[in-house]
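In: Here you go, sequence then predicted model.
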Amino acid sequence: MKILMLSSTFPYPPSRGGTQVRTFNLLQYLSQRHEVILGTVRSPDVTDAQIDTLRQQVTELAVFPNPQAPPQPPLAKGGLALHQGLEEGFFPPPLNKGGTEGEFSKIIGKFHRFGRFLQSGTPPNVLSSYSQAMQNWADELVTAGKCDAVTCEHSVNEIYVRPEWRQKLLTVANIHSSVWGTCREMLATGTSEKPLRDRLNLPLLARYEKRYCSKFSRIVATTSTDREQLLELLLSPVQVRGKQDFFVPSVDVIPNGVDLTQFPYRSIDPGGHTLIFAGAMNNLPNIDAARFLSLQILPPLQQRYPDATLTLVGASPVPEVLALGKLPGIQVVGRVQRVAEYLHQAAVCVVPMRIGFGIKNKTLEAMAAGTPVVASDRGLEGLAVDGGPQPRRALRANKVHEYVEAITSLFENQQLRQDLSVSARSLVESQYTWDIIGRQYDRLLQF
C-alpha cells in the first residue's frame with residue numbers, strides 16, 4: 001500500500017510526548033511493510049539532523065514551515081523537501097500585553113478567536129497550526145492517485161482531509177480521544193482553567209467533532225471509553241450545518257505501546273520511600289496531577305514517612321510546576337535523556353490524573369520498567385489491572401486517603417511491590433509492545 005500520513009506535530013525524536021511517540025512508532029512499523037509518505041510541520045526546536053533521521057524511516061518526507069514561526073532557510077539534503085511560502089488560515093501572533101491597553105487587547109483577541117470558531121466551526125488551535133502549503137501538497141498527491149490511504153495522526157490534522165476523499169480511498173483519523181468529551185469532563189470535575197470559555201465552546205466542539213468525523217472512513221481511539229464517548233456524540237441528534245443525516249464512521253480501539261528497549265525491566269527493587277511522576281510538564285492534565293500529588297497527597301504521606309520524596313520528571317515545566325520544587329522532599333528535574341533510569345530509582349510511580357481521556361503512555365512505561373504503579377481511573381484507563389481472574393498489575397486510587405493507603409501498602413510490603421512489578425511487565429510484553437500495536441493499525445488500514 002501507499003499510505004499518506006499527516007502529522008502537524010513533528011514526530012521525532014519519539015521522546016517528545018505522547019503524540020510523537022505514537023506517531024513515530026506507528027509509521028516506523030508501517031514503513032517496514034508499505035510505502036509511507038509523511039507530511040509534517042517543523043517546530044522551532046527541530047534540528048536538521050532530526051529531519052535527516054526521520055527521512056530514513058519513510059519513503060518520502062515533506063517538511064513544512066511552522067505557520068506561527070519565521071520562515072526557515074531551505075534545506076537541500078538528499079531529496080528532502082522543505083516547502084516554503086505564505087501560510088494562510090491561522091491566527092496572527094498574540095497581541096501585546098501590558099497595562100490597560102494590553103488587557104483590552106487580550107479581551108479583543110479572545111472575542112476574535114471565539115468569533116472565528118463560531119463562524120468557521122473549527123477550533124482556533126486547529127486553524128493556528130494549519131499550513132496551506134501542506135494542504136496543497138496533500139491535495140496534489142490524492143488528486144494524482146499517489147496514495148491508497150490517508151491517516152491523520154491526531155485530530156488537529158483532520159483539517160487537511162477533503163470530505164470527497166472518502167469516496168475514493170481509505171481515510172483514517174487516529175484521534176487519541178474526544179476533544180468534546182475532554183472539555184465536558186473538565187467542566188464536570190471543576191478542573192477547567194476557564195469555565196466560562198469552555199461552557200461556550202462545548203456545543204461548538206460537539207458540532208465540530210461530529211462534522212469532521214463524518215469525513216472519515218474510520219476513527220481510531222485508544223480506549224473503549226474513548227470509543228463509547230465518541231459514539232455517544234456521533235449517534236446523538238446534534239445538527240451539523242443544518243443536516244441530521246450524515247455518515248457515521250466505524251470507531252476502532254487501538255491502544256498505545258511501549259518501546260521495551262527504551263524501558264527495560266528494572267534489575268533491583270530500590271525500596272525506600274521514593275515516588276515519581278513523569279509527563280510533559282506544560283500539559284494541563286499533567287500540571288493538575290503534579291500539583292494534586294505534591295500539595296494534597298504527599299503531605300499526609302510525609303507525616304507517616306518524613307523521608308518520603310517525590311521526583312517530577314518531564315519536559316518544559318511551567319512556573320506552577322517549578323514552584324513545587326521549593327516544597328520539602330520534591331525535586332523537579334525537567335527533561336531527561338532516559339526516563340526509565342528515574343523510574344528504576346523509585347519505589348512507586350504515582351499517576352494521579354484527574355482529567356484527560358485515553359490510554360496513558362506514562363502508565364504503560366512505568367509498568368514496563370517494573371516500577372509499581374498507583375493510579376487513578378483516568379491514569380489506568382483502558383488497562384485491565386484490578387485482578388479477578390488475572391493477577392493484579394497496579395493499585396487504584398482516586399481520593400487522597402486512597403492514595404496514601406495504597407502507597408503505604410507498597411512501602412511496607414516488598415512482596416506486593418514485586419508481584420505488581422512482575423505482572424505489570426508481563427502485561428506490557430503480551431499486549432502493549434509497538435510491534436503488537438503496529439499490527440493492529442496495519443490490519444485496520446487493509447480492512
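Out: Structure received.

In: CA atoms for contacts and neighbours, from now on please.
Out: Noted.

In: For residue 35, see how far away residue 27 is.
Out: Distance, residue 27 to residue 35, by Cα to Cα, to the nearest Å: 10 Å.

In: what is in contact with the two at once?
Out: Counting by Cα atoms under 8 Å, 6 or more residues apart in numbering, the residues touching both residue 27 and residue 35 are residue 58.

In: Between the two, which is the more surrounded one?
Out: Between residue 27 and residue 35, residue 27 has the larger neighbour count (other Cα atoms under 10 Å), namely 22 against 17.

In: show me the contacts for residue 58.
Out: Residues near residue 58 by Cα under 8 Å, 6+ apart: 27, 28, 31, 35, 36, 37, 38.

In: Format those as TSV; extra columns: distance to residue 190 and secondary structure.
Out: Listed next are the contacts of residue 58 as TSV, based on distance: Cα to Cα, whole Å; DSSP: H, G, I helix; E, B strand; the rest coil:
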residue	distance to residue 190	secondary structure
27	37	helix
28	39	helix
31	43	helix
35	46	strand
36	42	strand
37	42	strand
38	39	strand
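
In: Of those residues, just say which sits nearest to residue 231.
Out: For the contacts of residue 58, the residue nearest residue 231 by Cα to Cα is residue 27; the value is 26.8 Å.

In: in this protein, which spans are strands?
Out: In the chain, strands defined by DSSP state E lie at 2-7, 35-42, 60-65, 81-82, 149-153, 170-176, 218-221, 250-253, 274-278, 309-313, 330-334, 348-351, 373-375, 395-396, listed in chain order.

In: And for the first one, what's in contact with it?
Out: Same thing as strand 2-7. Under Cα under 8 Å, 6+ apart, the answer for strand 2-7 is 23, 27, 34-41, 146-154, 157.

In: from the residues you listed, which would you call buried?
Out: When the contacts of strand 2-7 are checked for burial by 16 or more other Cα atoms under 10 Å, the buried set is 23, 27, 35-41, 147-154, 157.

In: Dihedrals phi and psi, the nearest residue to residue 403 once chain neighbours are set aside?
Out: Nearest residue to residue 403, sequence neighbours excluded (Cα to Cα, 6 or more residues apart in numbering): residue 397, at 5.2 Å. The phi and psi values for residue 397, taken as degrees, to the nearest 10, are phi -150, psi 150.

In: count of neighbours near residue 397?
Out: Using other Cα under 10 Å, residue 397 has 22 other residues around it.

In: Tell me the one among the contacts of residue 58 nearest to residue 188.
Out: Looking across the contacts of residue 58 and measuring by Cα to Cα, the closest to residue 188 is residue 27, at 35.9 Å.

In: my guess is the closest one contacts residue 36, does it?
Out: Yes: Residue 27 lies in contact with residue 36 (Cα atoms under 8 Å); the separation is 7.3 Å.

In: Give the residue spans of this protein that score low on pLDDT.
Out: 16-17, 68-116, 118-119, 237-245, 447 (pLDDT under 70).

In: redo that, cut-off 80
Out: 15-18, 67-121, 176, 236-246, 357, 387-390, 447 (pLDDT under 80).

In: got the contact list for the closest residue to residue 318 other than its chain neighbours?
Out: Distance criterion Cα to Cα, 6+ apart; nearest residue to residue 318, sequence neighbours excluded, is residue 282 at 5.5 Å. Listed by Cα under 8 Å, 6+ apart, the contact set of residue 282 reads 315, 316, 317, 318.

In: Just the buried ones from these?
Out: By 16+ other Cα under 10 Å, these give 315, 316, 317 as buried.

In: will you turn the residues you listed into CSV that also has distance to residue 246?
Out: Below are these laid out as CSV (distance: Cα to Cα, whole Å):
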residue, distance to residue 246
315, 41
316, 42
317, 43
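
In: just curious, which of the residues you listed is nearest to residue 337?
Out: Nearest to residue 337 among the buried ones among the contacts of residue 282, counting by Cα to Cα, is residue 315 at 10.3 Å.

In: May I ask you to confirm that the closest one is in contact with residue 280?
Out: Yes: using Cα under 8 Å, residue 315 is in contact with residue 280, at 5.0 Å.

In: distance of the residue nearest to residue 403 from residue 353?
Out: 10 Å.

In: Give me the common contacts of these two.
Out: Contacts common to residue 397 and residue 353, judged by Cα under 8 Å, 6+ apart, are 375, 376, 377.

In: I'd like the residues you listed as JSON lines, with neighbour count and distance to residue 210 appended.
Out: Formatted as JSON lines, these follow (neighbours: other Cα atoms under 10 Å; distance: Cα to Cα, whole Å):
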{"residue": "375", "neighbour count": "23", "distance to residue 210": "31"}
{"residue": "376", "neighbour count": "21", "distance to residue 210": "29"}
{"residue": "377", "neighbour count": "17", "distance to residue 210": "26"}
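
In: between these, which is closest to residue 181?
Out: Closest approach to residue 181 among the shared contacts of residue 397 and residue 353 (Cα to Cα): residue 377, at 15.6 Å.

In: Okay then, goodbye and thanks.
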